[in-house]
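> what follows is a predicted protein model with its sequence.
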Amino acid sequence: MRNTSAIRRVDDLGRVVIPKEIRESLRLITGSAVLVSCDEHNQIIITKYSKIKNIMDFAKMCLDSFSGFQDLTVYLCDLDKILAMNNEGKKHILDTPISKQLYTSLEGREIQVRQNENMIHIHDTEDCKMGFCSQAIFPIICNGDVCGGLILITKKFIENFDFAKPIHRFMCDYLSD
């Protein structure tokens with residue numbers, strides 16, 4: 001994101017409008033959560049809030065629960081970037097933005113199983129579909145809002161990913177508490 005700044009006035013209710021360019025680049029939509037804080041220099045800091053990112057220990061536990069499945073790569077993301085994964089060889093993609101296709105898929109709120117040419121890219125930095133033939137996308141919904149996703153890909157053909165549904169359900173329930 002390029003460095004963007006603008007002068008805005010505070011209204012009677014203490015509100016400040018975030019410039020459209022910044023909202024678009026951060027994918028801030030109506031209802032998005034932001035964290036407002038003040039640093040030691042009395043500077044106001046506004047950060048896009050990710051409920052999933054703030055529970056990374058829990059996320060790692062969920063990823064570890066898939067460790068018994070060979071050839072299964074598991075990603076956990078919020079609506080902006082990849083937060084965790086179980087593939088040590090691909091750790092360089094942590095914190096990379098998710099693809100627009102994945103964002104759109106998660107916003108659809110439906111569990112999807114995709115095969116071969118119908119698989120979508122998880123991120124845009126490399127061809128993350130190469131060599132894989134099955135993909136499952138589980139949107140994580142917390143208090144009625146999509147807050148991220150659990151994505152599984154494998155080199156084996158899997159018709160359904162029913163084995164992952166209890167973990168997905170547990171993640172959604174845990175985040176809603």
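That came through fine.

> which parts of the chain belong to which domain?
1-49, 53-176 (automatic domain parsing).

> could you export the ones you listed as TSV, including mean pLDDT and mean neighbour count?
(C-beta placed from N, C-alpha, C; glycine too.) Formatted as TSV, the domains of the chain follow (pLDDT from 0 to 100; neighbours: other CB atoms under 10 Å):
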stretch	mean pLDDT	mean neighbour count
domain 1-49	83	10
domain 53-176	82	16
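
> in this structure, where's the longest helix?
Of all segments of type helix in the chain, defined using DSSP state H, the longest is helix 165-176.

> wait, a helix at residue 24?
Yes: the assignment for residue 24 by DSSP: H, G, I helix; E, B strand; the rest coil puts it in a helix.

> residue contacts, residue 111?
Residue 111 is in contact with 136-139, 165, 168, counting by CB atoms under 8 Å, 6 or more residues apart in numbering.

> which one among those residues gets closest to residue 150?
residue 138 (4.2 Å; CB to CB).

> what sits against the closest one?
Residue 138 neighbours (CB under 8 Å, 6+ apart): 111, 149-152, 161, 164-165, 168.

> residue 93 against residue 82, yeah?
Yes: with contacts counted by CB atoms under 8 Å, residue 93 reaches residue 82, the gap being 5.8 Å.

> who's the residue most central in space within the chain bridged to?
With distances taken as CA atoms, centre = their mean, the residue of the chain nearest its centroid is residue 78 (2.0 Å). When bridges are called by DSSP bridges, residue 78 pairs up with residue 148.

> what's the distance between it and residue 84?
Note on residue 78: its distance to residue 84, by CB to CB, to the nearest Å, is 10 Å.

> again with residue 108
22 Å.

> residue 76 contacts residue 83, doesn't it?
Yes: counting by CB under 8 Å, residue 83 is a contact partner of residue 76 at 5.3 Å.

> show me where this protein has its strands.
34-38, 44-48, 72-78, 82-85, 112-115, 134-142, 145-154 (DSSP state E).

> kindly reformat these as a markdown table containing distance to residue 60.
Formatted as a markdown table, the strands of the chain follow (distance: least, CB to CB, whole Å):
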| stretch | distance to residue 60 |
| --- | --- |
| strand 34-38 | 22 |
| strand 44-48 | 22 |
| strand 72-78 | 9 |
| strand 82-85 | 6 |
| strand 112-115 | 24 |
| strand 134-142 | 15 |
| strand 145-154 | 13 |
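
> next up, the contacts around the closest residue to residue 136 other than its chain neighbours.
In space, and not counting its chain neighbours, residue 136 is closest to residue 161: 3.8 Å by CB to CB, 6 or more residues apart in numbering. By CB under 8 Å, 6+ apart, residue 161 lies in contact with 113, 134, 136, 138, 152.
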